[in-house]
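**Student:** just coords:
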């Protein structure tokens, strides 16, 4: 049986013989008995296995190392020790898989840097047990939210010829022998796809196509950015949630963003109570209160121009001076969320700092874009009403020197039955940083891909 089943149905199993299979997390040995901290990974809780010298192979059991795999036959009884409600009185402990004494994950505190070097083993630690179970639960929450509301899940391609963001940060995909071509002009007609292609930076454009058929769609999958950034919030491979909704304007989009985020946070608080309590205690004090406050908050809506005015009128000394027509910095995001004491939607951004597909407002200076800023994390989502007018979109592309080649199909979506539509993107790992209190994106991705790092 599993530990989760045992804890879920404890009354049914007390005093009855059970069999558990899992791993030794710690092993304290004494002359006449021993204590094994046991986990099988099915829940965050461990259980203590107690054995004594009445067991036939007592001396052999005492040699079992941390990290070893064991099978335990025993009886759940009320624990006399502190810190646990029950323990298992062992009748037999069988070694299934030994572990040498140089096993890297010993029962002591390890630095985050060391654990990144042991990424294939770090899921065995309490911190990463909590973090990656929450990653799984949050992913389920996202699918549950959209599926229950009639959205169609789109598997957008990972290999594409389109730089959806227009930022030129794509990884190239090729079967050509680049070493032989290092001094020659590359003929992409001889490459696998007959043209230059790369790893996708967004699934948005394809999701828009599906939104014209299914009305409500979303993508949820890996995206890639060849951006040589080594901050705590950047990775070269990360997951994105990107809904696209037909017959939806910017105000309706913000309603959906707020509703979705509250649903996900509440779902995680309900389904990962043990993990959240651990993180609240050991990673970020007040984490549960922070998330509970968000669920009960009313999100403020304010324009970019109004934000800059508030920043300029404040007595705060900023490292970066806020300016109309320009982007805002992390320190500005922090100030605004503190100013309104909660999450803030910032709308109507200057067109020159936003993507080509965003709807141009009547002032011809701003676009119908929105960023969601949350306390303690800054920007969590970015979205917009998409430009549904063919000529305006084409003119915008020309202004920004974005080639029509390869995007004819995207333009045609405005020709063949166009409609008002909107969408947003949320970086899954950014959400996980917010949910867990774990500060570095490298520690909420199982095997992080960052500049200079592609191990495992």
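**Tutor:** Thanks, I have the structure now. Worth saying up front: this structure is predicted, and the values here are computed from it rather than measured.
**Student:** use CA for all of it now, contacts and neighbours both
**Tutor:** Fine.
**Student:** For residue 366, grab phi and psi.
**Tutor:** phi -120, psi 160 (degrees, to the nearest 10).
**Student:** mind listing what it touches?
**Tutor:** 348, 349, 350, 351, 360 (Cα atoms under 8 Å, 6 or more residues apart in numbering).
**Student:** Which among those residues count as buried?
**Tutor:** 348, 349, 350, 351, 360 (16 or more other Cα atoms under 10 Å).
**Student:** Show the contacting residues for residue 446.
**Tutor:** By Cα under 8 Å, 6+ apart, the residues touching residue 446 are 119, 132.
**Student:** in which helix or strand would I find it?
**Tutor:** In the assignment (DSSP states H and E), residue 446 maps to no helix and no strand.
**Student:** With residue 331 as the reference, measure out to it.
**Tutor:** Taking Cα to Cα, to the nearest Å as the measure, residue 446 and residue 331 are separated by 29 Å.
**Student:** same check, this time on residue 318
**Tutor:** Distance from residue 318 to residue 331, by Cα to Cα: 7 Å.
**Student:** Any regions of the chain where pLDDT drops low?
**Tutor:** Within the chain, the stretches with pLDDT under 70 are 164-168, 182-183.
**Student:** quick one, helices of it?
**Tutor:** 3-8, 10-13, 58-61, 112-117, 126-148, 204-214, 250-271, 273-282, 287-295, 304-313, 330-339, 390-399, 408-412, 428-436 (DSSP state H).
**Student:** got a list of contacts for the third one?
**Tutor:** Put plainly, it is helix 58-61. Contacts for helix 58-61 (Cα under 8 Å, 6+ apart): 51, 52, 53, 93.
**Student:** For residue 411, state which of these is nearest.
**Tutor:** residue 93 (66.4 Å; Cα to Cα).
**Student:** beta partners for the closest one?
**Tutor:** Taking DSSP bridges as the rule, residue 93 bridges to residue 72.
**Student:** same thing with the one 4 residues further on?
**Tutor:** On DSSP bridges, the residues paired with residue 97 through beta bridges are residue 69.
**Student:** which residues touch it?
**Tutor:** So, once contact is read as Cα under 8 Å, 6+ apart, residue 97 ends up touching 68, 69, 70.
**Student:** Next up, the contacts around the nearest residue to residue 132 once chain neighbours are set aside.
**Tutor:** In this structure, residue 132 finds its nearest non-sequential neighbour in residue 444, 6.9 Å apart by Cα to Cα, 6 or more residues apart in numbering. The contact partners of residue 444, taken as Cα under 8 Å, 6+ apart, are 131, 132, 135, 429, 432, 433, 438.
**Student:** Neighbours of the closest residue to residue 85 other than its chain neighbours, how many?
**Tutor:** Of all residues not flanking residue 85 in the chain, residue 79 sits nearest, at 5.6 Å (Cα to Cα, 6+ apart). Counted by other Cα atoms under 10 Å, the residues lying close to residue 79 total 15.
**Student:** With residue 433 instead?
**Tutor:** That count, for residue 433 with other Cα under 10 Å as the rule, works out to 22.
**Student:** if I read this right, it contacts residue 441, doesn't it?
**Tutor:** Yes - with contact defined as Cα atoms under 8 Å, residue 433 reaches residue 441; the gap is 6.8 Å.
**Student:** closest one to residue 47 among the helices of the chain?
**Tutor:** Of all the helices of the chain, helix 3-8 comes closest under Cα to Cα, at 8.1 Å.
**Student:** May I have the phi/psi pair for the closest residue in space to residue 125 that isn't next to it in sequence?
**Tutor:** Distance criterion Cα to Cα, 6+ apart; nearest residue to residue 125, sequence neighbours excluded, is residue 105 at 7.6 Å. Phi and psi for residue 105, reported as degrees, to the nearest 10, are phi -100, psi 80.
**Student:** you'd agree residue 105 is up against residue 123?
**Tutor:** No - contact criterion Cα under 8 Å: residue 105 and residue 123 do not qualify, at 10.1 Å.
**Student:** end-to-end on stretch 118-127?
**Tutor:** Stretch 118-127 end-to-end distance (Cα to Cα) = 14 Å.
**Student:** Now do the buried residues in it.
**Tutor:** 118, 119, 122, 123, 124, 125, 126, 127.
**Student:** mind putting the residues you listed in JSON lines, distance to residue 456 included?
**Tutor:** Formatted as JSON lines, these follow (distance: Cα to Cα, whole Å):
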{"residue": "118", "distance to residue 456": "9"}
{"residue": "119", "distance to residue 456": "8"}
{"residue": "122", "distance to residue 456": "13"}
{"residue": "123", "distance to residue 456": "14"}
{"residue": "124", "distance to residue 456": "16"}
{"residue": "125", "distance to residue 456": "18"}
{"residue": "126", "distance to residue 456": "21"}
{"residue": "127", "distance to residue 456": "20"}
